[in-house]
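Novice: sequence first, predicted coordinates after that:
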Amino acid sequence: MNVMIEPSLHDVVSLTQEVWTSFLGYDEPLFEGEPLPDDATVVSATVTVSGAWAGVVSLQVSEAMAHRITAAMLGGSEKVDESDVSDAVGELVNMVGGNVKSLMPGPSTLSLPVVAHGRVFWPHESAEVVRADLTWAGEPVCIAVHVPLEQ
């Protein structure tokens, strides 16, 4: 019998808050929030953990929020391009994913982040085990963890 080990919602929220403040400062903390609206234009990023524990950590924010995050990470720069946005959103999910990986049984490896415009869709062979709908600066932020159904 396989016992599924998964991170807790509390752990994922705490890790995300730590990463967020280290990159974006304390002026605008993350709070519990509402899900992204269905009609939002979204930027998504994922990292995959493989090894003794397997899972995918994702971050989804609105396109406007992705640009705001990027500007904040670049020291308030008004000029950001799409590669900057990909780098910034990818780095956030990479840090959160790395921290989630450190909580799980190892050894495991972390993939490079994959960033795309649009929502993340999951195969039917996986299950969402954690979903944190948060808000930063009044905008929704979604962090989720999916695991394979058979681990």
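Specialist: Cool, got the structure. As the structure is a computational prediction, the values presented were derived from the model and not from experiment.
Novice: so for this structure, the centremost residue is which one?
Specialist: Residue closest to the average C-alpha location in the chain (C-alpha atoms, centre = their mean): L59, at 2.8 Å.
Novice: check which helices and strands the longest helix anywhere in the chain sits against.
Specialist: In the chain, with assignment by DSSP state H, the single longest helix is helix 82-103. Under the contact criterion of 3 or more C-beta pairs under 8 Å, 6 or more residues apart in numbering; DSSP states H and E, helix 82-103 touches helix 9-24, strand 42-51, strand 55-62, helix 63-73, strand 108-110, strand 114-117. Yep, even glycine has a C-beta here, placed from its N, CA and C like the rest.
Novice: just the ones you listed: most buried one?
Specialist: Ranked by mean neighbour count, the helices and strands packed on helix 82-103 are led by strand 55-62 with a mean of 25 (mean count of other C-beta atoms under 10 Å).
Novice: quick one: strands adjacent to that strand?
Specialist: strand 42-51 (antiparallel), strand 139-148 (antiparallel) (DSSP bridges).
Novice: just want the angle from the last one to helix 82-103.
Specialist: Using axes from the mean of the first three to the mean of the last three C-alpha atoms, to 10 degrees, the direction of strand 139-148 lies 50 degrees away from that of helix 82-103.
Novice: ok, the first one next?
Specialist: In terms of direction (the same axes, to 10 degrees), strand 42-51 departs from helix 82-103 by 40 degrees.
Novice: can I get strand 42-51 as PDB, trimmed to CA atoms?
Specialist: Extracted in PDB, the C-alpha atoms of strand 42-51 (Å, rounded to 0.1, in the frame of the first residue of the first chain):
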ATOM      1  CA  VAL A  42      -3.500  34.600 -16.600                       C
ATOM      2  CA  VAL A  43       0.300  34.000 -16.500                       C
ATOM      3  CA  SER A  44       1.100  30.500 -15.100                       C
ATOM      4  CA  ALA A  45       4.300  29.000 -13.900                       C
ATOM      5  CA  THR A  46       5.100  25.400 -12.800                       C
ATOM      6  CA  VAL A  47       7.900  23.400 -11.400                       C
ATOM      7  CA  THR A  48       8.000  19.600 -11.200                       C
ATOM      8  CA  VAL A  49       9.500  17.600  -8.300                       C
ATOM      9  CA  SER A  50      10.700  14.100  -9.200                       C
ATOM     10  CA  GLY A  51      12.200  11.400  -7.100                       C
END
